[in-house]
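*Asks:* got a sequence here, can you build the structure:
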Amino acid sequence: MSELELYEKTVGIGEVIDGVVVLNKSISEASEIVLPPNKNFFSINVSALNYFNPEGDRYMYMLEGLSTDWLPVDAKSHEIVFNSLNPGHYKLRVKAANRDGVWSDNEGILEITIQPPFWKTNTAFTFYALLLIIVLIAARKLLQRREQLKFSLEHERQEMQRLHDMDMMKVKFFTNVSHEFRTPLILTPIERLIKKATDPHQMIQFQLIQRNGKRLMNLVNQLLDFKKLEVHDIKFNPSKGDIISFAKDTVLSFSDLSDKKNISLVFHTPIEHLETLFDQDKLEKILFNLLSNSFKFTLEKGVVSVTLNIINEKNDRLIQIEVRDTGIGIPQDKLDKIFEPFFQSDLPRSIVNVGSGIGLSITKEFVKIHGGRIKVDSEVGKGSCFSVTLPLLDASEESIIGNTLTQSIEEPDSFPMNGSLDDTVDKHSGKTKKKSLLLIEDNDDFRFYLKDNLKFLYTIHQARNGVDGWNQILSVQPDLIVSDIMMPELNGIELCTKIKSDERISHIPVILLTARSSEEQRLEGFKADADDYITKPFNFEVLEARISNLLRQREKSQRIFRKTLEVKSSELQITPLDVKFIENAVKYVEKNVSSPDFSVEDLGMELGISRAYVFKKILALTGKTPLEFIRTIRLQHAAQLLEKSQLSVREVAYKVGFNNPKYFTRYFKEQFHVLPSDYAASIKKEE
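*Replies:* Numbering: from 1, shown residues only. From the prediction side, this is the model:
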């Protein structure tokens, strides 16, 4: 072996390639060579010690570790070329033959080592093994931690479920027993005794009973509110009002408690008046709970203050109510828990009447129902500040906020007499739907009770006072109204009078409820044209039966009207205002009977009410849609023309506003059960 070439470049003795000395001495004297990683393209020149005729020499080689065959060396170049050998150890054996073909017994041997790259070395594999062991250990630890976390979460979930079940048991228990403490059993007799009491000592005792009775009333109401919150039965019922005046009145109602406990009560706002939409019942309870909480934990000579301001956040106007006190304060580690149901902290002995622990929970839910937020800042020994932020709603949005209103089904803008639109209206006239009731009651619990028992038979709408009820009557137009008499702003008597004097809604039956059973008030209710009058307390089945009877009477009136339009008002059992309405409607239709373009909208313009009210009013009184009502009058006039004139059927059809004689014939037969031509022929035959 005479020369070593690496990548077609001769390698010199002592030359360093990639940090490795390949040849320490001549290749002919070397017994082994070491090649760096990836230097596996090399060639070796071979020669024999034959100086007389070297051209005739021949060579063969074998590379142990790669092959076991002897391979010939190129006769011209005497060069052995190796390409892309894998890392490892090889032994190159070379033997020579002279020109006579005699092979020498001596072989040239060269050990060749090609180093592997670092990532294939033993050190690397040792590192891989260690890394794999570490990964397996870490994975095992991770799985153990995951299982521990899973177990912990499951345990926590079970604990939360247990606490939730306990809370539900508390709520169920308190709700059940609350009906045993209804205030009419306490407050009503006490109020009577106070009015009759003459002894000052007795008066003090009665007033003490009254205060405790009212407190019991508040606790029972909180429990019922909490129960309704659990079943998501409390809805946002806003109405227009002066929120500044409302808040001030609520705050001032604590003035007697302020005097009794020797605590200063302050109300401050830079705003004199602010008309907006808010749920008065819920806001009153929010303020009541926060103020009660402040007075409860504020000691004598302390201060409780309420501040109202308008703030701006991201182009939104908000109203902020702050209730601040100089009470005992709340520890920082308890601030996140005070809004949880039934949470009670350790309190000084000087604090009595701790409460049920649901007031702040209800307050937070009522704030959320308003779309607002509540937060608290507190420092032990210095006091607390509860901040309630509510969206400021424009009073003009009143008609689109609150309970979802049932949409009325209006008729098309025009009514060509071709029959197709009649069928459409008949299918959507609502005859197959449940009847709708509007419950107007300022007592949330009683209203909830009525709704809960009537919702399976009727579609229920609710209002918390007479003003809200009036707005809903105009929007919903229910089939029947059940209203309490004693209500703020607009009482039941005034509301009933207003209903029965409005031509748009005078047909709706009204049942009045009251706790007063005097004959004078009953007479006052009937003078207001109430359809029925029920005294509290009453058997629920009685109310249900009277509702059903009134609705059946209305249906009977509709059936009577279908028979003929010339009935008397006494037969229809409708109010004089309704009689006048029908008479006017008939008059306006007769006036335009020959006009095919006369529509329900035109009729509404003549009557002075909207198309939607025309639809609901006529449907409620007659059981017919306005389109059927107009068509019935047209057909009656057609019958008179066939009796008294010499006009043909086609001419009569055009005369009473039908564009298509074919549809005139069809509808005439439906109403009179005979074809127009046969009807005219029978009249002539009789004559």
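
*Asks:* from Lys382, how far out is Phe366?
*Replies:* To Lys382, Phe366 is 27 Å away according to CB to CB, to the nearest Å. For the C-beta atoms, the positions are set from N, CA and C on the backbone; glycine is no exception.

*Asks:* more neighbours, the two?
*Replies:* More crowded of Phe366 and Lys382, by other CB atoms under 10 Å: Phe366, with 24 against 11.

*Asks:* so where does that one fall, helix or strand?
*Replies:* Using DSSP states H and E, Phe366 sits in helix 359-369.

*Asks:* which parts of that helix are buried?
*Replies:* Buried residues in helix 359-369, defined by neighbour count with 16 or more other CB atoms under 10 Å: 359-367, 369.

*Asks:* show me where the stretch 351-500 of the chain has its helices.
*Replies:* All helices of the stretch 351-500 of the chain, identified by DSSP state H, counting those that start in this stretch, fall at 359-369, 420-427, 444-454, 466-476, 492-500.

*Asks:* what mean pLDDT does the second one have?
*Replies:* Rounded to a whole number, the mean pLDDT of helix 420-427 is 37.

*Asks:* how many neighbouring residues does Lys455 have?
*Replies:* Around Lys455 there are 12 residues (other CB under 10 Å).

*Asks:* what's the answer for Glu300, then?
*Replies:* Neighbour count of Glu300, defined by other CB under 10 Å: 8.

*Asks:* what about the closest residue to it other than its chain neighbours, distance to Val304?
*Replies:* Of all residues not flanking Glu300 in the chain, Asn262 sits nearest, at 4.8 Å (CB to CB, 6 or more residues apart in numbering). Noted for Asn262: a distance of 12 Å to Val304, by CB to CB.

*Asks:* so those two - more neighbours on which side?
*Replies:* Between Asn262 and Val304, counted using other CB under 10 Å, the more crowded position is Val304 (27 against 10).

*Asks:* quick one: list the elements packing against the one helix or strand that one maps to.
*Replies:* If you go by DSSP H and E, Val304 is part of strand 303-313. Applying 3 or more CB pairs under 8 Å, 6 or more residues apart in numbering; DSSP states H and E, one finds that strand 303-313 contacts helix 243-252, strand 264-268, helix 280-296, strand 316-325.

*Asks:* got a list of contacts for the shortest one?
*Replies:* The set of residues external to strand 264-268 that reach it, using CB atoms under 8 Å, 6 or more residues apart in numbering, is 247-248, 251-252, 254-255, 258, 302-308.

*Asks:* give me the residues contacting the strand holding Val304.
*Replies:* Residues contacting strand 303-313 (CB under 8 Å, 6+ apart): 243-244, 247, 251, 254, 258, 263-271, 274, 287, 291, 294-295, 298, 317-326, 389, 392.

*Asks:* again, only this time at 7 Å
*Replies:* Residues from elsewhere that reach strand 303-313, judged by CB atoms under 7 Å, 6 or more residues apart in numbering: 244, 247, 251, 263-271, 291, 294-295, 298, 317-326, 392.

*Asks:* now the buried members of those residues.
*Replies:* Among these, those buried by neighbour count (16+ other CB under 10 Å) are 244, 247, 251, 263, 265, 267, 269, 291, 294-295, 298, 318-326, 392.

*Asks:* how near is Val11 to Ser26?
*Replies:* Using CB to CB, Val11 is found at 11 Å from Ser26.

*Asks:* ok, the two, which is more surrounded?
*Replies:* A side-by-side neighbour count of Val11 and Ser26, using other CB under 10 Å, places Val11 first with 20 against 12.

*Asks:* skip the chain neighbours and tell me the closest residue to Ser104.
*Replies:* The shortest distance from Ser104 to any non-neighbouring residue, by CB to CB, 6+ apart, is to Ala96 (5.2 Å).

*Asks:* hang on, the one you found packs against Ser47?
*Replies:* No - using CB atoms under 7 Å, Ala96 makes no contact with Ser47, being 8.5 Å away.

*Asks:* between the two, who's got more neighbours?
*Replies:* Using other CB under 10 Å, the more surrounded residue of Ala96 and Ser47 is Ala96, with 21 against 15.

*Asks:* state the helix or strand in which the more buried one lies.
*Replies:* Ala96 is part of strand 88-97, with elements assigned from DSSP H and E.

*Asks:* which residues of the stretch 151-300 of the chain fall in strands?
*Replies:* Using DSSP state E, counting those that start in this stretch, the strands of the stretch 151-300 of the chain run over 239-242, 264-268, 275-278.

*Asks:* so which of those strands comes closest to Ile80?
*Replies:* The closest approach between Ile80 and any of those, judged by CB to CB, belongs to strand 275-278 at 99.8 Å.

*Asks:* what's the mean pLDDT across the closest one?
*Replies:* Averaging pLDDT along strand 275-278 gives 89.

*Asks:* can you name every helix or strand that it contacts?
*Replies:* If contacts are counted by 3 or more CB pairs under 7 Å, 6 or more residues apart in numbering; DSSP states H and E, strand 275-278 sits against strand 239-242.

*Asks:* could you list the buried residues of the strand it packs on?
*Replies:* Buried, per 16+ other CB under 10 Å, within strand 239-242: 239-241.

*Asks:* if we can go back for a sec, distance to Asp165 added to the helices and strands packed on strand 303-313, as a markdown table?
*Replies:* Listed next are those as a markdown table, based on distance: least, CB to CB, whole Å:
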| stretch | distance to Asp165 |
| --- | --- |
| helix 243-252 | 36 |
| strand 264-268 | 41 |
| helix 280-296 | 26 |
| strand 316-325 | 33 |
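
*Asks:* quick revisit: what is the nearest of the contacts of strand 264-268 to Ser436?
*Replies:* Ala247 (34.9 Å).

*Asks:* can I assume that closest one is in contact with Ile286?
*Replies:* No - using CB under 7 Å, Ala247 is not in contact with Ile286; the gap is 9.9 Å.
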